[in-house]
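Peer 1: need a 3D model of the sequence below.
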Amino acid sequence: MRYVPALLLDAVFVLVFAVIGRASHEEDPAGFLQTAWPFLVALLAGHLLAALLPGRPRRPWSVMWGVVAWIVTVAGGMGLRVASGDTAQLPFVIVATIVVGVLLLGWRGAAALMRRRRASADRDAADRDAADSDALDSDAADRDAADRED
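Peer 2: Numbers count the residues shown, from 1 in each chain. Prediction:
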């Protein structure tokens, strides 16, 4: 189940890629599924491969998982396009590789940064709590010592 959110988000980005691509060529955006289907099938294969690799990336939202999904999505999508009678000319391959890479790796990179910042903030808060606790312990010890002197 933990794989589903990453797969769905990746699928949305593949659909966005297809819609933008069709619109940029002044083609009917409604036919985006015709452009997207080979990449969606390959994306599913990429996620399955990432899940089955020995020593695989363990989290589907990790950048390394995204790299596997990206490579399989582009290579498999191009292969399926050609096998189904469509074209895969070099400029399209280059643009698809870059755009799909930015989309599939971009959200994972942003998520990794947010996780690091959150972990850093949590560590800072824990350090402050520990310092506050030490200060309270020190104040209590000082009061105990003063009470004993009296």
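
Peer 1: residues near the nearest residue to T87 once chain neighbours are set aside, how many?
Peer 2: Leaving out its chain neighbours, the residue that sits closest to T87 by C-beta to C-beta, 6 or more residues apart in numbering is R81, at 7.1 Å. All C-beta atoms are positioned from the backbone trio N, CA, C, and that covers glycine. Counted with other C-beta atoms under 10 Å, residues neighbouring R81 total 20.

Peer 1: what sits against R81?
Peer 2: Contact analysis of R81 by C-beta atoms under 8 Å, 6 or more residues apart in numbering lists 38, 87-88.

Peer 1: closest one to S62 out of those, please.
Peer 2: Nearest to S62 among the contacts of R81: P38, at 25.0 Å, using C-beta to C-beta.

Peer 1: which non-adjacent residue is nearest the closest one?
Peer 2: Nearest residue to P38, sequence neighbours excluded (C-beta to C-beta, 6+ apart): L80, at 3.5 Å.

Peer 1: and the pLDDT at the one you found?
Peer 2: Note on L80: pLDDT of 97.
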